[in-house]
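*Asks:* kindly return the folded structure for what I paste below:
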Amino acid sequence: MNRFDRVTAILIQLQTKRVVTAQEIADRFAVSLRTVYRDIRTLENAGIPIGSEAGVGYFLDKRYHLPPVMFSLPEAAALVVGEKCIKHLNQAAISREYSVALDKVKAVLKAPDKDYIARLNESVDVCLPRSVGEQDQGENWLPVCTRALTARQVLFMTYFTPTRGTATEREVEAIGLYHYSRHWHLIGWCRYRSEYRDFRLDRIQSLALQEERYSAQRRKSLDDYLQSMRNDSELVAVKVRFNPVVAAYLGEQKYYHGFVGEASDETGTVMTFLTPSLVYFGRWLLSFTSGVEVLSPASLQAVMVELSRDVARHWLPNEVSVIQEQTVQENIVQALTVKTG
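*Replies:* Numbering: from 1, shown residues only. As a prediction, this is how the structure comes out:
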């Protein structure tokens, strides 16, 4: 991005929030803070009334208004493709609101650009795995949760816990919404448990906003909570060797299993992973049959042996019985030999 485009984009970014920090601008455009300060001065020299407060950030004067910003064709096209993805996620409420917003974007485009977007819309589609597209029953609670987050209002809910088979009433100070494992989760301070808890939205039986408000300064941010969860999880370092054929086939799979690094030689590729579960990791390795070798830790080797036995018992019950009988006979012979000796 050239400097003119970046300075223009910074001006647009300043319109998106009441206050924008220099670090936010630097992170967005991958530039140094010194570059941000220089770009801000450029805008000020052009007559843009930008205010600033030490330790807070930059903001536009309330009396300053900019004309509507037109979308470029690539930007509008990106929104069209985004709509296709969102529709396949089966998030009905979000998909509906996104479509309404996109219609407003299309409405301000010039006639030739509207034709371009219409042709693109007819020519692009998205196919996601079926599990990704399954309806999340907790989606109906999203509007209430987003209102609670923005207004800092306490939530009162009835929450079902499957492991106990019971529902309990909770008062929650929400700090964020997080989508993972195909479900929306509300993260917040649970007054009932006096700690931060993770509430899956589809397990909420009732949910209501309370009049009481809480201070955001007393609670963690969502980023802080997620980082603490990552730091608290116990990860096990794993080292395995894949033969050349399997290593070439892996592709992006490795990144979903805690991939850290790799080194190749004539025997294959040695990869290092960090995993929270040796059993889960072992089941993944089992799919590569004899194309993988566990180098460390020994506990993973034991897991692989036991998983392999389970597979054999399930698919080769007769052969396993014969092997077990032979093992018993060999043990008896060995015991008698030792005794007579």
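*Asks:* can you name the element that comes right after the longest strand along the chain?
*Replies:* Using DSSP state E, we find that the single longest strand of the chain is strand 166-180. Downstream of strand 166-180, the first helix or strand assigned by DSSP states H and E is strand 183-190.
*Asks:* now do that next one: which elements does it pack against?
*Replies:* Using 3 or more Cβ pairs under 8 Å, 6 or more residues apart in numbering; DSSP states H and E, the elements in contact with strand 183-190 are strand 166-180, strand 195-200. Where C-beta positions appear, they are placed from N, C-alpha and C, glycine not excepted.
*Asks:* keeping just the C-alphas, turn the longest one into PDB.
*Replies:* Translated: strand 166-180. Output of strand 166-180 as PDB, limited to C-alpha atoms (Å, rounded to 0.1, in the frame of the first residue of the first chain):
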ATOM      1  CA  THR A 166     -29.300 -30.100  36.000                       C
ATOM      2  CA  ALA A 167     -30.000 -26.400  35.300                       C
ATOM      3  CA  THR A 168     -28.900 -23.600  37.600                       C
ATOM      4  CA  GLU A 169     -29.600 -19.900  37.700                       C
ATOM      5  CA  ARG A 170     -26.600 -17.600  37.100                       C
ATOM      6  CA  GLU A 171     -25.800 -13.900  37.100                       C
ATOM      7  CA  VAL A 172     -23.100 -13.200  34.600                       C
ATOM      8  CA  GLU A 173     -20.900 -10.100  33.800                       C
ATOM      9  CA  ALA A 174     -20.100 -10.800  30.100                       C
ATOM     10  CA  ILE A 175     -16.700 -10.000  28.700                       C
ATOM     11  CA  GLY A 176     -17.000 -11.500  25.300                       C
ATOM     12  CA  LEU A 177     -18.400 -13.900  22.700                       C
ATOM     13  CA  TYR A 178     -16.200 -16.600  21.200                       C
ATOM     14  CA  HIS A 179     -17.000 -19.000  18.400                       C
ATOM     15  CA  TYR A 180     -15.200 -22.300  18.500                       C
END
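*Asks:* that strand vs strand 183-190, what angle?
*Replies:* For strand 166-180 against strand 183-190, the angle between stretch directions is 120 degrees (axes from the mean of the first three to the mean of the last three Cα atoms, to 10 degrees).
*Asks:* and strand 166-180, what does it pack against?
*Replies:* When contacts are defined as 3+ Cβ pairs under 8 Å, 6+ apart, strand 166-180 sits against helix 142-151, strand 153-161, strand 183-190, strand 195-200, helix 222-232.
*Asks:* now with 7 Å, please.
*Replies:* On a contact count with 3 or more Cβ pairs under 7 Å, 6 or more residues apart in numbering; DSSP states H and E, strand 166-180 meets helix 142-151, strand 153-161, strand 183-190, helix 222-232.
*Asks:* direction included, what does that strand pair against?
*Replies:* Sheet pairing here is set by DSSP bridges, and for strand 166-180 it gives strand 153-161 (antiparallel), strand 183-190 (antiparallel).
*Asks:* is it possible to get JSON lines of these that adds mean neighbour count, distance to V246 and mean pLDDT?
*Replies:* As requested, the strands paired with strand 166-180 are exported to JSON lines (neighbours: other Cβ atoms under 10 Å; distance: least, Cβ to Cβ, whole Å; pLDDT from 0 to 100):
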{"stretch": "strand 153-161", "mean neighbour count": "18", "distance to V246": "41", "mean pLDDT": "96"}
{"stretch": "strand 183-190", "mean neighbour count": "21", "distance to V246": "32", "mean pLDDT": "93"}
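*Asks:* now the ones you listed in JSON lines, with distance to E212?
*Replies:* Output for the strands paired with strand 166-180, formatted as JSON lines (distance: least, Cβ to Cβ, whole Å):
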{"stretch": "strand 153-161", "distance to E212": "5"}
{"stretch": "strand 183-190", "distance to E212": "13"}
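*Asks:* out of those, which comes closest to G282?
*Replies:* Nearest to G282, of all these, is strand 183-190, at 25.4 Å by Cβ to Cβ.
*Asks:* which residues sit against that closest one?
*Replies:* If you take Cβ atoms under 7 Å, 6 or more residues apart in numbering as the criterion, strand 183-190 is touched by 136, 138-139, 142, 145, 170, 172-178, 196-202, 219, 222, 225.
*Asks:* rerun at 6 Å
*Replies:* Here strand 183-190 makes contact (Cβ atoms under 6 Å, 6 or more residues apart in numbering) with 136, 138, 145, 170, 172-176, 178, 196-201, 219, 225.
*Asks:* ok, stretch 152-170 next?
*Replies:* When contacts are defined by Cβ under 6 Å, 6+ apart, stretch 152-170 is touched by residues 148, 171-174, 190, 192, 199, 203-210, 212-214, 216.
*Asks:* in PyMOL, select just the buried ones from those.
*Replies:* A single PyMOL command selects the buried members of the contacts of stretch 152-170 (16 or more other Cβ atoms under 10 Å):
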select buried, resi 148+171+172+173+174+190+199+203+204+207+214
